[in-house]
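Participant: Generate coordinates for the sequence data below:
(one chain, ligands or ions: 3)
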Amino acid sequence: MKRRAFLSGSASLIGAAVASVFARESLAQSVAQSISEPAHDSMHGMQAMPGMAPASSAMPASAPLAAVDALPAGAPLAALRTLANERREPGHFRATLVAQPAARPLLAGQAPTPFWQYDASGPGDTTGPVIGPMLDLQEGDNVEITFVNRLAQPSTIHWHGLPVPPDQDGNPMNPVAPGEQRVYRFTLPAGSAGTYWYHPHPHMQSAEQVFRGLAGPIVVRAADDPLAAWPERHLFVSDLKLAADGTIPANGMMDWMNGREGQFVLLNGAREPLIEVARDERWRVWNGCNARYVQLAFDDGRAFAQVGTDGGLLGAPREGVTSLLLAPGERAELIVRAAPRGAPGAQVALVAAQYDRKKMAMSHGSLPATPTQKLATVRFLAAGAEAQAPQAALPRRLRPIAPLLATSAKQKTPRKTVVFSEAMDMHAMHQPGASALAMPRGMQFMVNGATWSPSRVTFASRRGEVETWAIENRSDMDHPFHLHGTQFQVLAREQGGTIVEESLLAWRDTVNVRPGETVHIATVQREAGDRMFHCHILEHEDLGMMGVVRVS
Ligand code: C2O
Ligand code: CU
Ligand code: CU
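Facilitator: Residues are numbered from 1 along each chain as shown. Ligands and ions are numbered 1, 2, ... in the order given. Predicted coordinates for the structure are as follows:
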């Protein structure tokens, strides 16, 4: 009972506009009296609430979900599609991305599942993974992507993590209307090599567009990549909630509250594919889920090396890693080693291990931890079984990373504070038809006491000026913080008065913040314009847990 503290800060900020703000405990208690909820059921819990609209509404009562083994498993991991370059000259990349509906046969005996997906052009590709085609780019490239919106709602393409000009970054303030198109142009600077992704960012509709299939990977390569000789594998993790009739249901109340998690976690669009590792490999892993946390591990506890984060390589490999948390939106580069030469192979599972992000429940303070989910079967073959030449050792230095914040400059660095908070208004949630809206009433996820409005600027910053930001999570669940247009460095994590300095110097654009935690980062923006920052649980972003920094 004690863990769910009343959110005094947010209550005063909401003020008179909201009739009654309940702490989670009191909300949970009174709701628990009025409904019978299947215990701990994050999928169905709130749809059973009295006063919720019937199935005829825009947010229908939940249809039965497909069984967790309804999708086939065990096929070899599919390679991601790549987006073909229409230009021949080095240094130029030009292509078209069309967001459009495409139906894919998924469930036996059911009509094909309608997805929304990115395709190069022409009709939707219904054979490869639903993941958007990979943009395989080089530092220095002039990139020109024509985006065609064939959806029935506005959309944008956001280049998550890339240092592109603000007006090319697919901000919600720059929507592309249904049937329209626009060209995004940017040049990739030196030092930008890394693992990124693209996805829609329209006002209040990002979550739906991503869970219906709109997201794709980006790799930016450096000419002097020290790991260029390692065979590369791409693992794009996505999440799918599928009804038994093969359709993708709309978000329910619980999806909005905790962020949507489906019954399927997919790797390159498939359930539990098979990966065979015969040489040491470089893995790029994306968490492209709306809300699912991926605590990446092998179920036999074997170690791997981490060599990169969101914004590219680390200074040096981090050996002996047995589990690595990727919050929604985060990426990593790993070295996964084949079995030693002559040793017998092994078959293990790659998993998203149990993780407790303190999801809210309606009948208790919080839901239990998300249980371990299998991502893939991995067969480790003895090294050299398929390759003639033995592999070189992993370099001890990968690239230099300078601290953004010089120790001497700490005092005069501008400082900003981002506060994440939440408030649940039970009266609004109980109003007739509350769930018939595209967005549920009565749930607030806030940045500095307010939900996002296109007319408000949260912060002002100056181009080229290094700043420290403190990201404070004053809510009861984990929220992954994400900042556009730049890569930042985590300086320290503070919890209950204890400050732990970050030992890993790394470039990131997304960092998880635990309840009650404050994460300190150093960051700098290089171009004038408006940059978004937000929680990367996409439902929370849509509900307004987002702010703008105006750079001049
Ligand atoms: Cu990946 Cu503002 O988003
Ligand atoms: Cu982003
Ligand atoms: Cu959040």
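
Participant: Pretty sure residue 229 sits in a strand.
Facilitator: No - per DSSP: H, G, I helix; E, B strand; the rest coil, residue 229 lies outside any strand segment and is coil.

Participant: wait, doesn't it sit right on residue 392?
Facilitator: Yes - using CB atoms under 8 Å, residue 229 is in contact with residue 392, at 6.5 Å. Quick note: C-beta positions are derived from backbone N, CA and C, even for glycine.

Participant: Need phi/psi at the residue in the stretch 151-300 of the chain positioned nearest to ligand 1.
Facilitator: Nearest residue of the stretch 151-300 of the chain to ligand 1 (CB to the nearest ligand atom) works out as residue 160 at 3.6 Å. The phi/psi pair for residue 160 (degrees, to the nearest 10) reads phi -60, psi 110.

Participant: Could you do the one 3 residues further on as well?
Facilitator: Dihedral pair for residue 163: phi -80, psi 70, per degrees, to the nearest 10.

Participant: With residue 211 instead?
Facilitator: phi -70, psi -20.

Participant: any idea how far residue 137 is from it?
Facilitator: Look at residue 211 and residue 137: by CB to CB, to the nearest Å, they are 26 Å apart.

Participant: neighbour count winner among the two?
Facilitator: The neighbour comparison of residue 211 against residue 137 (other CB atoms under 10 Å) goes to residue 211, with 28 against 20.

Participant: separation between that one and ligand 3?
Facilitator: 15 Å (CB to the ion, to the nearest Å).

Participant: repeat for residue 507
Facilitator: Distance from residue 507 to ligand 3, by CB to the ion: 22 Å.

Participant: What about that residue, how many residues nearby?
Facilitator: Quick note: residue 507 (other CB under 10 Å) scores 22 neighbours.

Participant: Spit out the contact partners of it.
Facilitator: 194, 309, 310, 311, 312, 401, 487, 488, 489 (CB atoms under 8 Å, 6 or more residues apart in numbering).

Participant: filter those by proximity to ligand 3?
Facilitator: Checked against ligand 3 using CB under 5 Å from the ion, the contacts of residue 507 give no members in range.

Participant: partner residues bridging the closest residue to ligand 2 within the chain?
Facilitator: Going by CB to the ion, ligand 2 is nearest to residue 160 of the chain, at 3.7 Å. Residue 160 has these beta-bridge partners by DSSP bridges: residue 197.

Participant: okay but it is in contact with residue 328, surely?
Facilitator: No - using CB under 8 Å, residue 160 makes no contact with residue 328, being 10.9 Å away.

Participant: quick one, which of those two is more surrounded?
Facilitator: Taking neighbours as other CB under 10 Å, residue 160 and residue 328 compare with residue 328 leading, 29 against 24.

Participant: Just the pLDDT at the more buried one, thanks.
Facilitator: Residue 328 is assigned a pLDDT of 98 by the prediction.

Participant: gap between the spatially closest residue to it that is not a sequence neighbour and residue 119?
Facilitator: Computed as CB to CB, 6 or more residues apart in numbering, the closest residue to residue 328 that is not its neighbour in sequence is residue 536, at 4.8 Å. Counting by CB to CB, the gap from residue 536 to residue 119 is 25 Å.

Participant: Out of those two, name the residue with the larger neighbour count.
Facilitator: More neighbours surround residue 536 than the other of residue 536 and residue 119, with 27 against 22 (other CB under 10 Å).

Participant: what residues are up against that one?
Facilitator: Listed by CB under 8 Å, 6+ apart, the contact partners of residue 536 are 327, 328, 329, 480, 481, 482, 510.

Participant: pLDDT score for it?
Facilitator: pLDDT recorded at residue 536 is 98.

Participant: now the one 10 residues further on
Facilitator: pLDDT for residue 546: 98.

Participant: burial count for it?
Facilitator: The burial count for residue 546: 25, using other CB under 10 Å.

Participant: pretty sure residue 314 belongs to a helix, no?
Facilitator: No - using three-state DSSP, the assignment for residue 314 is strand, not a helix.

Participant: which ones are touching it?
Facilitator: Residue 314 sits next to 306, 307, 308, 398, 401, 504, 505, 506 when contact means CB under 8 Å, 6+ apart.

Participant: ok, now with 7 Å
Facilitator: Contact analysis of residue 314 by CB atoms under 7 Å, 6 or more residues apart in numbering lists 306, 307, 308, 398, 506.

Participant: And for residue 472?
Facilitator: Applying CB under 7 Å, 6+ apart to residue 472 gives the contacts 417, 418, 419, 420, 518.

Participant: picking that back up, please produce CSV containing the contacts of residue 507, extended by pLDDT.
Facilitator: Shown next, in CSV, are the contacts of residue 507 (pLDDT from 0 to 100):
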residue, pLDDT
194, 98
309, 98
310, 98
311, 98
312, 98
401, 97
487, 98
488, 98
489, 98
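
Participant: In strands, which of those residues appear?
Facilitator: Among the contacts of residue 507, the members falling in strands (DSSP state E) are 194, 309, 312, 489.

Participant: Among these, find me the one that's closest to ligand 1.
Facilitator: Using CB to the nearest ligand atom, the ones in strands among the contacts of residue 507 come closest to ligand 1 at residue 194, 14.0 Å.

Participant: Let me see the contact set for that closest one.
Facilitator: 161, 220, 308, 310, 311, 312.

Participant: Show me what the second one bridges to in the sheet.
Facilitator: As for beta bridges, residue 220 partners with residue 137, residue 194 under DSSP bridges.

Participant: How about the last one?
Facilitator: For residue 312, the beta-bridge partners are residue 309 (DSSP bridges).

Participant: Could you count how many residues lie near it?
Facilitator: As a measure of burial, residue 312 has 27 neighbours, counting by other CB under 10 Å.

Participant: what about it, distance to ligand 3?
Facilitator: Where ligand 3 is concerned, residue 312 sits at a distance of 26 Å (CB to the ion).

Participant: correct me, but that residue touches residue 193?
Facilitator: Yes - the criterion here is CB atoms under 7 Å, and residue 312 meets it with residue 193 at 5.0 Å.

Participant: Enumerate the residues of the protein near ligand 1.
Facilitator: 158, 160, 199, 201, 329, 482, 484, 532, 534, 536 (CB under 6 Å from any ligand atom).

Participant: check contacts around the second one.
Facilitator: Applying CB under 7 Å, 6+ apart to residue 160 gives the contacts 196, 197, 198, 199, 329.

Participant: Need the max-distance pair from these.
Facilitator: For the contacts of residue 160, the maximum inter-member distance is 11.8 Å, found between 198 and 329 (CB to CB).

Participant: quick revisit: mind checking how far the residue of the stretch 151-300 of the chain closest to ligand 1 is from ligand 3?
Facilitator: 16 Å.

Participant: Also residue 514?
Facilitator: Taken as CB to the ion, the span from residue 514 to ligand 3 is 12 Å.

Participant: Isn't that residue up against residue 474?
Facilitator: No - applying CB under 7 Å as the test, residue 514 and residue 474 come out as separate, 11.5 Å apart.

Participant: Which of the helices or strands spans residue 379?
Facilitator: Following DSSP states H and E, one finds residue 379 within strand 373-380.
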